[in-house]
Structures are given as structure tokens and as C-alpha cells.
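>>> The following block contains a protein sequence and its predicted model.
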Amino acid sequence: MVRREFYTYIMSNIRNSVLYVGMTGNLEGRVRQHKEKEINGFTKKYNITKLVYFEVYQTPMEAIYREKQIKRWRREKKVWLINLLNAEWLDLSVEWKRR
């Protein structure tokens, strides 16, 4: 049996002035879509291209629940969460390519 993982993630623009919270079953592919602006919408409009935070879940329901929870938060709390694991606000997708 193939075990899937699901992700709740936060992306930002280059200046870290805009945050986007999402959920996916293919984080690498979804980040690529954001970076290449393949889908019209918020992330394309605000040039959201930097993965700054993500969490891994075993079921899509867990990831969706967490996505909705984080989306309700004020910006300050989202920034706090990002700073816990990525205080320098590095683009974590770039870090994958270095491995």
C-alpha cells in the first residue's frame, strides 16, 4: 500500500508582505505551480513565489482542518508560526534542490 502525505503550507512574496495559506497532496508540484504562475488568482496577482512554512499530515482531512485554522489567524500569529521554524524566511523549496 502506498502511503500518501498531505501538506498545509504558507507562501509569501519576495518582500514577505503578503501571506498565502494552502493545502495540497503534492507540495513540490503545487509550489512549482505558484512559482510559474500557472493558475490565475491570488498567488499570481500578488507574486507569491516563496515557500516559507509547511506541515505534513497523514490524511487530507487533517491538512484541510489545519489550513482552515491557520487561515483564521491574524497575520501576527502566522508570522509567529513561520518564525518558529524558519526565522530567516528562507524559500524552503530552494533548500530542497540543494539536497
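Cool, got the structure.
>>> Distance from the chain centre to the helix or strand hosting His34, please.
Per DSSP states H and E, His34 falls inside helix 27-35. Chain-centre distance of helix 27-35: 9 Å, with Cα atoms, centre = their mean, to the nearest Å.
>>> can you tell me the average pLDDT over it?
Averaging pLDDT along helix 27-35 yields 95.
>>> Using CSV, write out every CA atom in that helix.
This file holds the C-alpha atoms of helix 27-35, laid out as CSV (Å, rounded to 0.1, in the frame of the first residue of the first chain):
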residue,chain,number,x,y,z
LEU,A,27,3.8,20.1,-2.2
GLU,A,28,6.6,20.2,-4.7
GLY,A,29,4.2,20.3,-7.7
ARG,A,30,1.9,22.9,-6.1
VAL,A,31,4.8,25.2,-5.2
ARG,A,32,6.0,24.9,-8.8
GLN,A,33,2.6,26.0,-10.0
HIS,A,34,2.7,29.0,-7.8
LYS,A,35,6.3,30.0,-8.9
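>>> Who are the packing partners of it?
In terms of contacts (3 or more Cβ pairs under 8 Å, 6 or more residues apart in numbering; DSSP states H and E), helix 27-35 is packed against strand 6-12, strand 19-24, strand 50-57, helix 92-98. Backbone N, C-alpha and C define where each C-beta goes, glycine included.
>>> Flag every buried residue along the third one.
Spelled out, that is strand 50-57. 50-55, 57 (16 or more other Cβ atoms under 10 Å).
>>> In TSV, list those along with pLDDT and distance to Lys44.
Below are the buried residues of strand 50-57 laid out as TSV (pLDDT from 0 to 100; distance: Cβ to Cβ, whole Å):
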residue	pLDDT	distance to Lys44
Lys50	97	14
Leu51	98	16
Val52	98	18
Tyr53	98	20
Phe54	98	20
Glu55	97	24
Tyr57	97	26
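>>> and which of those is nearest Arg32?
Leu51 (10.3 Å; Cβ to Cβ).
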